[in-house]
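K.L.:
show me the folded form of this:
(one chain, ligands or ions: 2)
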Amino acid sequence: MTRASVAGKVRTWANAARGLAGGRSDTLGSEPPVHLPVSRPGAPNVVDADVPVDIGCIKVFRSENFPESGPSPWLDRPDATETIARRLDRGELTPKQAEMCRFWAENGYYVARGAVDPDTIDVAWAAYEAAIAQGEITLAPEKAADDDPHPGRYLNPHLKVEELDTLLEHPVLFNFSSMVLGRRAIPFQTIASHKGSQQSEHSDSIHMTTYPLGYLAACWVAMEDIHDDSGPLVYYPGSHRLPYVFSHDVGISTDDFRERGYAAYAERYEPAIKHTIAEHGIAPRRFIARKGDVLFWHANLLHGGSPRNDVTRSRKALVHHYFAEGCVCYHDLSATTSAVHGSVESLPTCGASSPDIKRRKQIRRS
Ligand SMILES: O=C(O)CCC(=O)C(=O)O
Ligand SMILES: [Fe+2]
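P.N.:
Ligands and ions are numbered 1, 2, ... in the order given. Okay, the predicted model is just below:
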């Protein structure tokens with residue numbers, strides 16, 4: 001993958017270093033959320049991209065227009081095992097957190113059983129259904145077959161449903177994501193679904209790209225018990241270590257995407273990923289979950305929705321995507337900025353990126 005170098009002087013990673021965002025508390029315990037330091041641009045310990053870019057000079061937000069640059073997320077680095085051990089020794093990580101971090105570094109995912117209590121799930125889902133019933137949210141049918149009774153997915157329901165917005169800050173979800181990113185996790189995008197997506201295998205990094213790479217973490221929350229025939233999520237352990245694949249790498253130009261949209265993606269990107277999986281012989285795992293179980297995955301972990309063997313079965317889920325505070329975020333396929341966090345405030349940001357629901361509501365109204 002070649003990336004043209006971009007000259008410039010403006011810092012793009014202008015947030016305070018977080019060290020280990022998980023702090024001293026046990027990420028999966030019932031302890032209160034970790035209080036992370038508030039970002040203070042210009043404060044000591046500011047972390048810059050290793051190769052600074054003048055973000056204002058990037059007219060086309062595509063991966064090939066960014067230099068290759070670290071810093072990589074701390075658990076992606078070759079010395080991750082030693083760093084985990086050192087932080088454990090210093091008491092910066094609990095033994096359980098250290099185990100999670102080791103697992104994440106090796107596998108690129110983590111399953112947290114019973115992470116969200118069923119009552120919280122029920123309240124959140126009922127609020128989502130109420131918003132649908134009241135016409136605040138309209139779902140497309142997206143029928144996979146004539147006898148498919150379930151409606152389609154909905155993007156960013158947290159912008160309309162306060163209970164879903166609150167769930168973004170659930171201590172387990174927020175703390176785990178912050179811990180593996182090594183920075184404060186900023187809620188970015190959510191997806192609610194009543195049924196299996198049957199989405200082809202992909203890395204979220206082509207849909208939500210960061211500069212530097214790797215500063216995205218996702219979590220998939222089971223909003224009901226998930227049946228094996230409902231089309232569970234599938235994921236490919238260890239695939240996060242394969243090279244990132246972007247539009248440019250599979251020959252999708254900006255014009256292609258503008259003219260043909262996701263048809264170009266289906267034609268070029270999806271077969272390339274299937275080929276990679278076969279080539280590396282990576283066996284899929286299926287996320288057979290109980291209500292409240294959560295699967296976290298790395299920015300580059302390959303995953304998708306398996307076929308729905310029984311289309312009458314629902315598969316209620318909520319997915320959260322978090323960015324690390326301070327990174328540059330964009331949509332590689334359409335070459336547009338998704339959001340830019342940190343000090344580069346002059347750039348367009350999409351409303352969904354604000355961590356504050358009141359601010360998001362303002363943006364939506366304006
Ligand atoms: O729910 C699924 O089947 C896939 C979801 C997904 O790929 C995502 O939200 O990133
Ligand atoms: Fe995805």
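K.L.:
against which helices or strands is the top helix by length along the chain packed?
P.N.:
Across the chain, the helix with the greatest residue count (assigned by DSSP state H) is helix 118-133. Packed against helix 118-133 by the contact rule (3 or more CB pairs under 8 Å, 6 or more residues apart in numbering; DSSP states H and E) you find helix 162-167. Using the backbone N, CA and C atoms, a C-beta is placed for each residue, glycine as well.
K.L.:
for ligand 1, what's the nearest residue on the stretch 201-350 of the chain?
P.N.:
Per CB to the nearest ligand atom, Gly305 is where the stretch 201-350 of the chain lies closest to ligand 1, at 3.0 Å.
K.L.:
can you count the residues close to that residue?
P.N.:
For Gly305, the neighbour count with other CB atoms under 10 Å is 21.
K.L.:
pLDDT value on it, please?
P.N.:
For Gly305, the model assigns a pLDDT of 98.
K.L.:
identify the bridge partners of it.
P.N.:
Leu233 (DSSP bridges).
K.L.:
verify the stated contact: it with Glu201.
P.N.:
No. Taking contacts as CB atoms under 8 Å, Gly305 lies outside contact range of Glu201: 9.2 Å.
K.L.:
overlap of the contact sets of the two?
P.N.:
Both Gly305 and Glu201 are in contact with Val234, where contact means CB atoms under 8 Å, 6 or more residues apart in numbering.
K.L.:
ok, which stretches of the chain are helices?
P.N.:
Using DSSP H, helices in the chain cover 80-89, 95-107, 118-133, 162-167, 171-181, 254-260, 262-264, 270-280, 357-365.
K.L.:
and of the ones you listed, who's closest to ligand 1?
P.N.:
Comparing the helices of the chain under CB to the nearest ligand atom, the one sitting nearest is helix 270-280, at 12.0 Å.
K.L.:
list of residues touching the closest one?
P.N.:
Ser200, Glu201, His202, Ser203, Tyr236, Ser239, Leu242, Val245, Asp249, Val250, Pro284, Leu302.
K.L.:
the fifth one: neighbouring residues, count only.
P.N.:
Per other CB under 10 Å, the neighbour tally for Tyr236 reads 25.
K.L.:
ok, so what distance separates it from Gly304?
P.N.:
As judged by CB to CB, to the nearest Å, Tyr236 and Gly304 stand 9 Å apart.
K.L.:
pLDDT weak spots in this structure?
P.N.:
1-48, 54-56, 338-366 (pLDDT under 70).
K.L.:
for the stretch 101-250 of the chain, what lies in contact range of ligand 1?
P.N.:
Neighbours of ligand 1 within the stretch 101-250 of the chain, by CB under 6 Å from any ligand atom: Ile191, Ser193, Ser197, Gln199, Asp204, Ala218, Leu233.
K.L.:
pull out the buried residues from these.
P.N.:
Among these, those classed as buried by 16 or more other CB atoms under 10 Å are Ile191, Ser193, Ser197, Gln199, Asp204, Ala218, Leu233.
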